[in-house]
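[1] Let me see the structure of the following:
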Amino acid sequence: MLGKKNVFAPTKPIWWIGVLLSCGVGLSFYLAAAKSIETDSAVRFNNLAHTAQYSIGARIKSYADLLRATASLFQVSETMSRAQFRHYVAGLELAEHFPAIETINFAQFVRDEDRDVFEAKVRGEERAGDGYPPFEIKPAGRRGSYSVLTYLEPIANSPDKFGVDVAVEAFRAAALNESRDKGTVTNSGQTIRVPSRPQMRALAMRLPIYRAGLPLSNVAQRRQAYLGSLGVGFNLRSLVQGVLDELPVRSVHVALYDGGTAAQPTNGGALVFNSQNAQEPARQVFATTVPINYNGRLWQAHFSVRKSELYTRFDDYFPWLTMLAGFIGTMLIYALFHTLSSSRLRAIQMAKAMTQELRGSQAKLQISHQKLRSLAAHADHIKEEERKRIAREIHDDLGQNLLVLRIEADMLASRTQRSHPRLNARARSTLSHIDTTIKSVRHIINDLRPTVLDLGLNAAVEWQIAEFRRRTGIVCELKENQTDIDLNDHCATAFFRILQESLSNISQHAAASLVQVELKKEGDTLSMTVRDNGVGVLSESRNKVGSFGLVGIEERIKILGGKCSIRSTEGAGMMVTVSVQIKAAPPYPYLGEAEELEHHPA
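    Next comes the predicted model:
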C-alpha cells in the first residue's frame, strides 16, 4: 500500500483548490464575526431597554408615592387652604426633583345640594395676584355630583383647568369611582388635552382622600367618608425623554401602548406615546417589547434603535479582518498540509523502524521495572527479618540484664530502707530509672517488631488500635468477622505495617474524630479497610515530592500480588482498602514475572 501513489500528496500543490477552500473559510469567519457582533449588540440593547423600563416604572412609582405623601396633609386637616397647598407644593421644588410633573391638584367631591355653599367658600379664598382665575364650575349645568379641581399648583401651568369637573366624562368618572371604592391610586389611561399646549401628551393619576377618623373597612364606609381626590398630571414626553437621555445610547426610540387593565386586557393596545415619526426597516434595527405597570394599567413599551448606533468603528472592520485572517490562515495550513504530506511516506518508514526499537526498549524497561519491585520486596523482607532479630536480641539480652539489675536494685532498696535512709533513696531513684529504661526498651522492641504479631494478625491489629486510641485520643472502632485468621508471617507483617502507616497518616494529617478499621476474611481473600472522617486529600496531593505514605501502602500490597484502593474527597475523609489472596503465591511474585518476561520478551 505504501508503494502506491498517494493522490492526497501530489508533488506540486493544486493552488486553485486552496484558494477556493480559503475563500469559503474566510466567508464563514466573516459571517460568524458579524453574527457575534450583532448578538452582542442585541444583548446590550436589551439591557438598555430593561434599564429604561425600570427607570420609567420607578418614576411612575415616585409620582404615586408623592400623591400618598401629599394626601397626609388632608388627613391632618380637612380645612386645607389654597395658600397652604401652594406653600406645600412650592417646597417640593417640582422643576428640580420631578421635572415631568406639570401640576399637583385636588378635586373636591361636591353633591349638588352643597354646590352653592361650596362655590361661595372657594370664591371667598380668592386673592388678587395669586394667579387663579375667577372660579366657576366647568362645564356649566347642574348634575347630581361633581369632582371639581379646586387647588392646582403651579397654577401657571394649567389655569384653564381650575374649576373643571373631572367626572363629567364617563370613563374618568368610572376611574374615580373605582379609586374611591378600592382606596388605591388609579388612572383612566386616557391622555389629557391642554388647550394652551396642544403638542403635549399629558397623563394623570389620582388618589382618593377620605375624612380623617372615619372607618374605611368596606365600600359603603369609604363612599361615606369620601372627601375628594388628589391628582398629579405629568408630561409623558418629558418623563420618557428624561429616561432616554440618561441612556448611554441617545438614539433609542420608544413607543408606549396601553394594554388595558389586568382584569380587562386589550389586544394590540392604543398608542399612547411615540418618540419617533419615521419607521425604520426591520432588518436595520434592534427592537424589543417590555411591560410597564402604570398603576394597574398594562403598558407595552416598544424600544428600538438602529443597529449602526450600537456598532463601534472596530465592529465595522472586525468581520473583514476575520475574513482576511481566515483566508490567509487557510492558505498557510493548505501549504503546510502539502509540505507534511510530501514527507509522510519517509516518516512512516522511519516510524516503523523506531517502533520496532521502541518495543524492544519497552520490554527491557518492563523487565527492569519488575526486577526493581522484586528487589524492593526482598529489601523489605530483609528489613523485617532484621527488625525481628534485633528486637529478639534486645529482648533476650538487654531485657534480661535489665530485669536482673532491677531485682538487685529492689533488694538493695528493701534492705536499706531502715538502716541507711540516704542509700535507700538513691536505690529507689536507681530503681525508677531502671523501670523507665525497661519501658523504653519495650517501646523500642514494639517499634521494631511488636511481639504481639507472634500471636496472630487479629491480636496485632487489636493492640495497634488500642495504642492508637491511647496515643491520640481519637475514637477507633474495629470490626472483624473472624477472631483467628491464619496466614504466613510475611503477609501478616505487611497488613500490620499498612495499618500502622494508615493510622500514622490519620493522626498527623487527617484531623479526624472517628476511625473505623474492618478486617474481613471471605474464602481465600483477606481484606482490610481503614476509613476516617477527616479532611481528606486531593488525588494530586498524594504523589507530591517527599510523600511516601500512601505510595508505600500501594507498593506493599502489590508485592503480595493484592489490590489497593484509596478513595478520598476533600473535606469528606479517606478510605484505604487492601485485599490479597491468602493462598497466593510466593512472598516475591514479581521475581517470577520478571524472569518470565526476560525469557519471553514482548
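[2] Might you list the low-confidence residue ranges for the stretch 151-300 of the chain?
    189, 194-198, 262-263, 268, 278 (pLDDT under 70).
[3] which stretches of it form strands?
    With strands called from DSSP state E, counting those that start in this stretch, the stretch 151-300 of the chain shows them at 202-210, 226-235, 253-261, 265-274, 285-294, 297-306.
[4] Check which helices and strands the fifth one sits against.
    By that I understand strand 285-294. If you count contacts as 3 or more C-beta pairs under 8 Å, 6 or more residues apart in numbering; DSSP states H and E, strand 285-294 packs onto helix 15-76, strand 297-306, helix 307-310. All C-beta atoms are positioned from the backbone trio N, CA, C, and that covers glycine.
[5] helix, strand or coil for the residue lying farthest from the centre of the chain?
    Most distant from the centre of the chain: Ser419, at 83.6 Å, with distances by C-alpha atoms, centre = their mean. Of the three states, Ser419 takes coil according to DSSP: H, G, I helix; E, B strand; the rest coil.
[6] most neighbours per residue, which of the helices and strands packed on strand 285-294?
    The highest mean neighbour count among the helices and strands packed on strand 285-294, using mean count of other C-beta atoms under 10 Å, belongs to strand 297-306: a mean of 20.
[7] Count the neighbours of the nearest residue to Arg497 once chain neighbours are set aside for me.
    Sequence neighbours aside, Arg556 is the residue nearest to Arg497 in space, at 6.4 Å (criterion: C-beta to C-beta, 6 or more residues apart in numbering). For Arg556, the neighbour count with other C-beta atoms under 10 Å is 22.
[8] My read is that Arg556 contacts Thr493, right?
    No - distance between Arg556 and Thr493: 9.4 Å, which falls outside the contact criterion (C-beta atoms under 8 Å).
[9] how long is stretch 177-190 end to end?
    16 Å (C-alpha to C-alpha, to the nearest Å).
[10] what about it, distance to the chain center?
    44 Å (C-alpha atoms, centre = their mean, to the nearest Å).
[11] quick one: contacts of it?
    Residues from elsewhere that reach stretch 177-190, judged by C-beta atoms under 8 Å, 6 or more residues apart in numbering: 64, 67-68, 171-172, 174-176, 203-208, 210, 216, 219, 222-223, 226, 229, 258, 260, 272, 294-297.
[12] re the thing from before, is the residue nearest to Arg497 located within a helix, as I assumed?
    Yes - checked against three-state DSSP, Arg556 lies within a helix.
[13] Could you report the separation of it from Cys564?
    Taking C-beta to C-beta, to the nearest Å as the measure, Arg556 falls 8 Å from Cys564.
[14] How about Val576?
    Between Val576 and Cys564 the computed distance is 8 Å (C-beta to C-beta).
[15] Which residues are in contact with each of these two?
    Listed as contacting both Val576 and Cys564 by C-beta under 8 Å, 6+ apart are Ile553.
[16] and these two? which has more neighbours close in?
    When neighbours are counted by other C-beta under 10 Å, Val576 and Cys564 differ, and Val576 comes out ahead with 24 against 18.
[17] partners of the more buried one in the sheet?
    Beta-bridge partners recorded for Val576 (DSSP bridges): Val530, Ile566.
[18] Would you confirm that it contacts Ser502?
    Yes - with contact defined as C-beta under 8 Å, Val576 and Ser502 form a contacting pair (5.3 Å).
[19] which residues are common contacts for those two?
    When contacts are counted by C-beta under 8 Å, 6+ apart, Val576 and Ser502 have Val530, Ile553 as shared neighbours.
[20] quick one: pLDDT of the residue farthest from the centre of the chain?
    pLDDT, Ser419: 80.
[21] got the phi/psi numbers for it?
    Dihedral pair for Ser419: phi -80, psi -30, per degrees, to the nearest 10.
[22] which of the contacts of stretch 177-190 count as buried?
    When the contacts of stretch 177-190 are checked for burial by 16 or more other C-beta atoms under 10 Å, the buried set is 64, 67, 172, 175-176, 203-208, 210, 222, 226, 229, 258, 260, 272, 294-297.
[23] What separation do you get for the residue farthest from the centre of the chain and Val305?
    Separation of Ser419 from Val305 (C-beta to C-beta): 115 Å.
[24] out of everything not next to it in sequence, what's closest to Asp112?
    Gly144 (5.6 Å).
[25] Assign Cys564 to helix, strand or coil.
    strand.
[26] tell me the contacts of it?
    Residues near Cys564 by C-beta under 8 Å, 6+ apart: Ile553, Glu554, Ile557, Lys558, Val576, Thr577, Val578.
[27] Show me just the buried residues among the residues you listed.
    Buried by 16+ other C-beta under 10 Å: Ile553, Glu554, Ile557, Lys558, Val576, Thr577, Val578, out of the contacts of Cys564.
[28] what residues are up against the second one?
    Contact partners of Glu554, counting by C-beta under 8 Å, 6+ apart, are Cys564, Ile566.
[29] Give me the pLDDT value at it.
    79.
[30] Need the phi and psi values for Asn218.
    Backbone geometry at Asn218, expressed as degrees, to the nearest 10, gives phi -140, psi 180.
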